[in-house]
Every structure is written in structure tokens, then in C-alpha cells.
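*Asks:* Quick check, what structure comes out for this input:
(chains A and B)
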2 protein chains.
Amino acid sequence: MTTVTEAITATARASKDASRHLAGLTRAQKDSALAAMAQALRQGTDEILAANARDVAREREGGMSEAMIDRLTLTADRIEDIAQALGDLAALPDPVGQVINGQRLPNGLRVRQVRVPLGVVGMIYEARPNVTVDAAGIALKSGNAVILRGGSAAEESNITIVGVLQDALEAQGIPRASVQSIDAHGREGAQALMRARGLVDVLIPRGGAGLIETVVTTSVVPVIETGVGNVHVFIDDTADIDQAVEIAVNAKVQRPSVCNAAETMLVHESIAPQFLPKVFQALVDDGVILHTDDAASAFAADGSFAPAKEEDWHTEYLALELAVKIVPSIDEAIDHIRTYSSGHTEAIVTGSTTSAHRFTTELDSATIMVNASTRFTDGGELGLGAEIGISTQKLHARGPMGLEALTTTSWIVEGDGHVRQ
Amino acid sequence: MTTVTEAITATARASKDASRHLAGLTRAQKDSALAAMAQALRQGTDEILAANARDVAREREGGMSEAMIDRLTLTADRIEDIAQALGDLAALPDPVGQVINGQRLPNGLRVRQVRVPLGVVGMIYEARPNVTVDAAGIALKSGNAVILRGGSAAEESNITIVGVLQDALEAQGIPRASVQSIDAHGREGAQALMRARGLVDVLIPRGGAGLIETVVTTSVVPVIETGVGNVHVFIDDTADIDQAVEIAVNAKVQRPSVCNAAETMLVHESIAPQFLPKVFQALVDDGVILHTDDAASAFAADGSFAPAKEEDWHTEYLALELAVKIVPSIDEAIDHIRTYSSGHTEAIVTGSTTSAHRFTTELDSATIMVNASTRFTDGGELGLGAEIGISTQKLHARGPMGLEALTTTSWIVEGDGHVRQ
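*Replies:* This next block holds a predicted model:
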């Protein structure tokens, strides 16, 4: 244990040193480094694919599900996509140096708050090698050093990718330690990273609820919680029924495995008789299993539903399953959501400005959709250009996080010999 | 223990319920509640002073130092000042509802990020009854419920003050649970508060380094670290000597017991022979004990200094003591500060734009002063109007925290039946 802790401490110290260099880079330097990283990935395709093939073969032999194998697998096309995403980052404005507030005070002091990088960012994530490149690119663009700990199933892929990126950075005069992998240190490495308070400025876990809960409760390094989504769609009594069906179906089935997919649908009792038969038909046609309360069950075809249990209101299915409840009013919808939601995303379909206003102000969730699918909670969709994750906490960053989420601010105060009276 | 935990959980639940009501208050409602709170304090002066007198008598008997007794003691004048500060809060803009970003996306979705209250704020602080009122006012203005845990020495004062404020809120139709004290539950109450994850949105410790370290390492509720200040002043070779003397003296002696007072002075070796004799004379005249490195000792009068030890570079004296070191270059000054600083505030006195730029960009501290005293790191001085503390962390809020630091944002997305392709 001590040896791993020492190794991670040395890694984090090297990151801290690199972060000082990175904070001083100009946008032009960072953008040309991003281009070099993209080019290096293209040139390193064979080497990366070979490492990835070893990961895939080992995990397939170990019995990994095909869905997980798919997330783990790289191809030449996927590497090209990943490289292009790095290029897209170069087109985004540099958050570092932005002045977000400033004034001259009555005593003549000039004050401004300027965005600066956080410093050293730790990422703990699942076996998805594309996240390795994504995180490296976003960290570099925002002037941060990054320490990466991907899922062990992607260990060879990640270590190879990080090596390729480090070579590219070094050729640009940027320290190799700007992007480091601790995958070789396994679980103990992740544990040590969570204890590296003072060297690592923030830890961002990305993955399932279990991973995130472990990091949040274990880490003494500050954490940004991401991604657990017990997401609700409420169909108000004034909803346009066709719109409501489209939105509910899209929210549930367009990509059921992700955090912004709907998990519970609440339906106002006065619209239920018109709405539920239609939406149930559409959902069942798409293969959705319904978990309905007693009142909603009356509208479901025999064999298409199971009676909802208390547990269903808590469940993030991440699959083609949906809990459904009829509520007598928007008040009960809001109460239900405040009780069970993970605070990620909720949607209302309504024709009423009053309902829209109440829903957007009385809930306590990061993102509220009015007459739009919950699937839009995404940095790319909401115009951030890049996304490091979706925060479900309230401090620092909330909802989709772009480059700014990896910055803090510093106050700069200029005087002419000012002293306090 | 269980009973205290249950009591604190019930308290926090009541705060959570109250927070929903508070989030919906208009600015006019909050401002009139602040006025009512101020009025209630004035009318309750006798009752508050009687409770405070019991605290003071007990603590004096227990041997509390006179400096601490002074911080604990209320007078009719001090209560009037505290009441006026509540009135000043009413004059500040309401952060809740501010739209900090917004656009229409290419697909027609309307997106905006709106400031909303954090929800429930916990404060753990020392035996200063004025902080009780301050925190209650700032929390109310920013739409948050607050749970207060003051130092046990101020227990009777705090409980009485909170009762007075609750009566005033209730008369305004605002839940009593908007402001609650858990002082009656002692240390166990504070411990339980730090475990109330999911009910308390943020904990803000205010006080000495020990208190803050305990809260940061114990709490599973998110914390905003405040206030530890190992503050540096660097006198560059191009400094105006008179300005430098004034700033160094002001930073050290104007109020040595507070976090923005200077603790170490670094001096460029080429200005040391002109500068040090002058500043040492001024500091010694003001009663400052010098801890000088070998080179600086040569400029100090016999008996006015002690040789600096490694420990001195780490020490936040909070007293009329100052560590002094001569450095050969700004590079060494920056390295020294990056090594020893707590990241609170640093100042440079310089005539060089290059030095000013390097100092403001290569350090990693919340506030950087150029040709101004470190004593300006203060919410009131920097134009925030009110201050809940000074953050020395990087996430969420950095430096002096005003009303905005007690808010988060929510994304509101409006469509016309938008679904994701």
C-alpha cells in the first residue's frame, strides 16, 4: 500500500508542477497542442488498436457482456472520431483569463475576477478509452493537468493512448506530466488518488451510481458528483397529447442506457384517459416494460405491465423500463419528484404558463425541460461545445459541465499604495 | 448519540421544508422580513443582553481571556450595529432569479441558467453572537434556510437571538424553521450536522484553523473552507520605498488578529539595504516581533528580532509577529509563496508591469494585491456588500463570498415539443 501511495503522490506532485506550466500557456499554444495530439492519435492508430485488441480479447474471455465490449472496443473510425473531437476543442474559446466581473471601487482600487485553471484534475471512470482522450483534451484546453484512472478492463488501451498523447505534448514543449495515467496501479492507485488532498484540486468520477457513491464518500479530495439520473417526465392536464407522446417516448427509448433518459412518467389524472392508451401503445411497441401504479394499470394492455412497487420510484433502470403514476395535480407531481429525484433532469409537457413556471421554480433539479425531451441534458446539445460530465451536485457546477467547470477565479486588486484605514 | 442524531435530522428536515418556501419568496418579501428582523432585535435588546450577560459571567468565571470575552460581549450599541447591518442587506440586489447565461440554440430550444438558492446552509462558528445574526440575514436574503451552530460559550445569547428572529419571521408569514440553532445539542449536534448529507446542502465553518480542519476532514456534507490566511507581502526591487513601508506596516499591524493580515514579508535583495532599515523601524515602533532569516537579520536592530526557523514560514501568527526573508529574485518569491501559502491573499509592491503580471498569474492564491494592502481582502471592502466568509478553496467560491456564493444555478430549457434525433 505504501509503495502505491508513494507512487501516486509522486505522480500528483509531477502533475502539480506541470499545472503551473499549463496555467501560463496561451490559447494559441494550447490549440496547437490539441492539433498535435489529434495527429498523434491518427499516426498511433495501429499501436492503439493492438493494445485495445488485447484488452478486448482478455475481457471477452473473462465473460464481459457484449454491450460493455462495445464500449471498450476501438476501431480506426472511432479513433478518427476521437481525434476530430480534439480538433473541435481547439475551436472553443479559452476560458482562462476571462474577466467575469470587474469595477473600480470608490477608493480607486481596481478589482477584477479572472478565470484561472483549477490546477490538477483527477478523473475516475469506466472502461471507455474515448473518455481518456476527451478528458485529456478538455483538461489541456482549460489549462489543467489531469490524472486519469480508467476502468481496469481498458488498462492497456489507456496506457498506450496516454503514451501517444505525452509524446505529442513533449514535442510541443509541454510537460509529459500534463496528462498521466495511473491505471497501472489498479484499485489501490484510485484509493491513493482520493487521499491526495492538497495535490489534486478536484476529482470527477464518471460512471455508475456505485462508483460515484464510493468516490463521494471515500475521497478527502474535493469531488464533483456526476451523472446519476432518476429522471421524471410529467404530463400536465393541458399538454398537447401528440407532443406529450413524442416527448415521453423520446425521453425513454431514444437511448435508454444514459443518465438523461426518463425513468418515471407522472400523468395528470384528467389527461390520463386520452393520453395513457396512446403512449402505452407507443412505448410497448418500442419494447418498454411498464411499472404502473393501480390507476395507470387500468389503461395498460394485459401483459404489458407489472404493478409498481415503492422501489420502482427510486430506480434508475437505464433500460427499456418505465415507472408510471397518475397524480391528481401538479402539486403531487412536484412533491413526488422532490421526494424521489436524483436532481438530474425533469421535464413537463404543458400548455399552461402557470404550470410551466411552477415546475421550473418549485423543483430542485439541475435541469428542467418545458415541452422538450430530457435527452437534451448534454453539454453538446446545450451549446457548451464540450462536456466533462453532468453535475448532480449544487456546489461549483450544476448540470452539464463544459470548460468553465474546470476553472476557478482569482481576485486581482490593483492600487497605488492603498492601505486600509 | 442516536437521540441527538434524530433531533438534528428532524431539524434539518424542517430546514429543507422551509427552504422550499424561502426559494419562492420575492425580493420585496425578503427585504421586509429583514427589516422586521432588525426591528425585533432592537425590541428584544433587554432579553438578548440578559442572556449574553449570563454567557459572559459563566465564561469569565471559567477563565476565558479578555480578548475572547470582548468578542462574546454584546451591548445595546453593538445590537444596534447588528440590526443596521440587516437593514443594509435589504439594499443589496437579490441574487435569486438572476439569469447568468442564455441563448436560443440552432434547433430553436431556449436555454437559460438561472440563480437559485442552495437550499439549506449549515454554519459552524466561534462564540461571536454577531455572526448568528449576520448568517441568518445573508441566508434569508439569498433564499436559504440556515442551521446555526455557534461556539458553546455563546449558547444562551445565540438561542435567545434565534428565538427573537424566528418570532419576527413568523409574524411575516415565513416559517420559523428558516433560521434554527442547534447550540443546545453541543458538540454531538455539530457532529450530526456534518453527517446530514442530503438534507444540508453546504456547511461553512468559520473560525480557527483547527475548527476548519475538523469540519473539512469529518463532514460528508459538502464544505466551503474559509479563512486560514498565511498571507505574504513581496517587496520587489522596483518598489516605491515609502509605499512599500506603508503597505507592509498596514498589512501587518492594522488588525493583526484577522486572516488577511500579513504573516511573511519577502524582500528583493537589491532593495533590502534601502527598504529594510525603514520598515523594521516602523514595525518595531508598532510592537512587531521580527522573525528574520540570516540576510535580513543584518538589517534589524539588536534585540528586535529572532532568527527565523522553517516553522515560521508555515505560521499564521495572527499577532504582532512577522517572518522576513530576503530573496534574490521574483522567481524565488513566487516559489516560496507557492510552497508555504494557504492560498488566501498575497501582495506585491512593485513599479514593474512585468513583475506585477508574473505575480498575478504565476501564484495560486484566491486574491492577489498589486501595490495595495492585503487587508482589502474582505467582502465589504471589495464591493460585495455582505460577506459570509472568505473561501480558501477553489471549487464553487474563491476569496470573499457574498450572496451569490449561497446560490447555485438551474438550467431551464423551453421547447415546442422538441425531441432528440
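*Asks:* Leaving out sequence neighbours, find the closest residue to A:Ala135.
*Replies:* Using Cβ to Cβ, 6 or more residues apart in numbering or on different chains and skipping residues adjacent in sequence, the residue nearest A:Ala135 is A:Met123, 4.7 Å away. C-beta: built from backbone N, CA, C; applies to glycine.
*Asks:* pretty sure that neighbour belongs to a strand, no?
*Replies:* Yes. Under DSSP: H, G, I helix; E, B strand; the rest coil, A:Met123 sits within a strand.
*Asks:* Can you report how many residues lie near it?
*Replies:* Neighbour count of A:Met123, defined by other Cβ atoms under 10 Å in any protein chain shown: 24.
*Asks:* ditto for A:Asp46
*Replies:* Residues lying near A:Asp46 (other Cβ under 10 Å) number 10.
*Asks:* quick one: it is in a helix?
*Replies:* Yes. Per three-state DSSP, A:Asp46 lies within a helix segment.
*Asks:* Could you report the separation of it from A:Met68?
*Replies:* From A:Asp46 across to A:Met68, the span is 24 Å (Cβ to Cβ, to the nearest Å).
*Asks:* Equivalent analysis for A:Ala190, please.
*Replies:* A:Ala190 sits 19 Å away from A:Met68, going by Cβ to Cβ.
*Asks:* coming back round to it: beta partners of the residue nearest to A:Ala135?
*Replies:* A:Leu148, A:Ile204 (DSSP bridges).
*Asks:* Give the buried residues for stretch A:17-34.
*Replies:* The neighbour-count check on stretch A:17-34 (16 or more other Cβ atoms under 10 Å in any protein chain shown) flags A:Ala18, A:Ser19, A:Arg20, A:Leu22, A:Ala23, A:Leu25, A:Arg27, A:Lys30, A:Asp31, A:Ala33, A:Leu34 as buried.
*Asks:* in which helix or strand would I find the first one?
*Replies:* Just to be clear, that refers to A:Ala18. helix A:2-23 (DSSP states H and E).
*Asks:* need the next SSE after that helix, C-terminal direction.
*Replies:* Later in the chain than helix A:2-23, the nearest helix or strand by DSSP H and E is helix A:27-43.
*Asks:* Return the list of helices and strands in contact with that following helix.
*Replies:* Identification of packing neighbours for helix A:27-43 by 3 or more Cβ pairs under 8 Å, 6 or more residues apart in numbering or on different chains; DSSP states H and E yields helix A:76-90, helix A:129-141, helix A:155-171.
*Asks:* Kindly reformat those as JSON lines and extend each row with mean pLDDT.
*Replies:* Formatted as JSON lines, the helices and strands packed on helix A:27-43 follow (pLDDT from 0 to 100):
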{"stretch": "helix A:76-90", "mean pLDDT": "95"}
{"stretch": "helix A:129-141", "mean pLDDT": "96"}
{"stretch": "helix A:155-171", "mean pLDDT": "97"}
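*Asks:* what's the closest of these to A:Val202?
*Replies:* Nearest to A:Val202 among the helices and strands packed on helix A:27-43 is helix A:129-141 (10.7 Å), distances taken as Cβ to Cβ.
*Asks:* Contacts only, for A:Thr241.
*Replies:* Check again: residue A:241 is Ile, not Thr. Residues in contact with A:Ile241 (Cβ atoms under 8 Å, 6 or more residues apart in numbering or on different chains) are A:Ile271, A:Gln274, A:Phe275, A:Lys278.
*Asks:* which among the residues you listed end up buried?
*Replies:* When neighbours are counted using 16+ other Cβ under 10 Å, those contain these buried positions: A:Ile271, A:Phe275, A:Lys278.
*Asks:* Show the contacting residues for the first one.
*Replies:* The one in question is A:Ile271. Counted by Cβ under 8 Å, 6+ apart, A:Ile271 has contacts A:Ile235, A:Asp236, A:Asp237, A:Thr238, A:Ala239, A:Ile241, A:Ala244.
*Asks:* I'd like to know how far it sits from A:Ala333.
*Replies:* In this view, A:Ile271 and A:Ala333 are 12 Å apart by Cβ to Cβ.
*Asks:* what do you get for A:Pro222?
*Replies:* 34 Å.
*Asks:* higher neighbour count, the two?
*Replies:* Each of A:Pro222 and A:Ala333 has its neighbours counted (other Cβ under 10 Å); A:Ala333 has more, 26 against 21.
*Asks:* so that one sits in a helix?
*Replies:* Yes. Counting by three-state DSSP, A:Ala333 is located in a helix.
*Asks:* now it: how far from A:Val267?
*Replies:* 9 Å.
*Asks:* sorry, back to before: average pLDDT across the helix holding A:Ala18?
*Replies:* Here helix A:2-23 scores 95 as its mean pLDDT.
*Asks:* my read: A:Val146 touches A:Ser178, true?
*Replies:* Yes. The pair A:Val146 / A:Ser178 is scored as a contact, 7.4 Å apart, by Cβ atoms under 8 Å.
*Asks:* okay, and the common contacts of these two?
*Replies:* By the contact definition Cβ under 8 Å, 6+ apart, A:Val146 and A:Ser178 are jointly contacted by A:Ser15, A:Ala139, A:Leu140.
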